[in-house]
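Asks: after the sequence you'll find the predicted model.
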Amino acid sequence: MTAAALPDTITIRPYRVSDANDVYTAVIESIDAMSRWMPWCHSGYSIHDAINWLMEQESCRVKGTAHEFAIIGPAGQYLGGCGLNQINREYRLANLGYWVRSAATGHGVATRAVRLLAQWAMVSTDLVRLEIVIATGNTASIRVAEKAGASPEGVLRDRLILSGRPHDALMFSLVRSDLVGSPEH
């Protein structure tokens, strides 16, 4: 994928099991860049890992426990993923995560995906808060959260376990009242 082939516009859509080969290829391409920040992305990642995860996402979507989406370029190319997980129904919040394959990074794909996902969440769910938790050293992901308009809320000490060790994380949020302009208090 060349810079000229990278999209100005993207879409997100629910994952399908048929995405397994695209997911696997993108993960393998991106291990060097992502494995430090995403424990599931490792040198032993297999096509079976992709299939199993995709099958699990169908079940999660039906139960409403997670909503994971493929990020798709205008020509139908798979660029990465974004989603809502760790949904807390009582407090109406969820974790928002994202990743973009190495060949598509640095072109605003993740930022656009975060904005699309936040819009989807406000229209399609009753969630009032989306949290983005990022390891303090993950500067690329921090830039995405900032560019997507997420509000920084502070440092969470030893919040993430990466490579078996605790790491500090930054908390960002996107809240319904900011996104749709009508507070529900």
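Replies: In hand now; what should we look at?

Asks: ok, the residue nearest the centre of the chain - contacts?
Replies: For the chain, the residue nearest the mean C-alpha position is Tyr98 (1.8 Å; C-alpha atoms, centre = their mean). Contacts of Tyr98 were listed using C-beta atoms under 8 Å, 6 or more residues apart in numbering, and they are 71, 80-83, 110, 113-114, 117, 141, 144. In this view, the C-beta of every residue, glycine as well, is placed from N, C-alpha and C.

Asks: ok so it is a helix residue?
Replies: No: Tyr98 sits outside any helix when classified using DSSP: H, G, I helix; E, B strand; the rest coil, being strand.

Asks: what's the spacing between the closest residue to Ala104 other than its chain neighbours and Val175?
Replies: Distances taken as C-beta to C-beta, 6 or more residues apart in numbering place Leu79 nearest to Ala104, at 4.5 Å, with adjacent residues excluded. Leu79 sits 27 Å away from Val175, going by C-beta to C-beta, to the nearest Å.

Asks: pick out whichever of those two has more residues nearby.
Replies: Leu79 (28 against 18; other C-beta atoms under 10 Å).

Asks: just say helix, strand or coil for the more buried one.
Replies: Per three-state DSSP, Leu79 ends up strand.

Asks: how about the helices of this protein, start to end?
Replies: 20-34, 47-63, 109-124, 139-147, 176-180 (DSSP state H).

Asks: closest to Arg159 out of these?
Replies: helix 139-147 (14.0 Å; C-beta to C-beta).

Asks: and that closest one, what's buried?
Replies: 141-142, 144-145 (16 or more other C-beta atoms under 10 Å).
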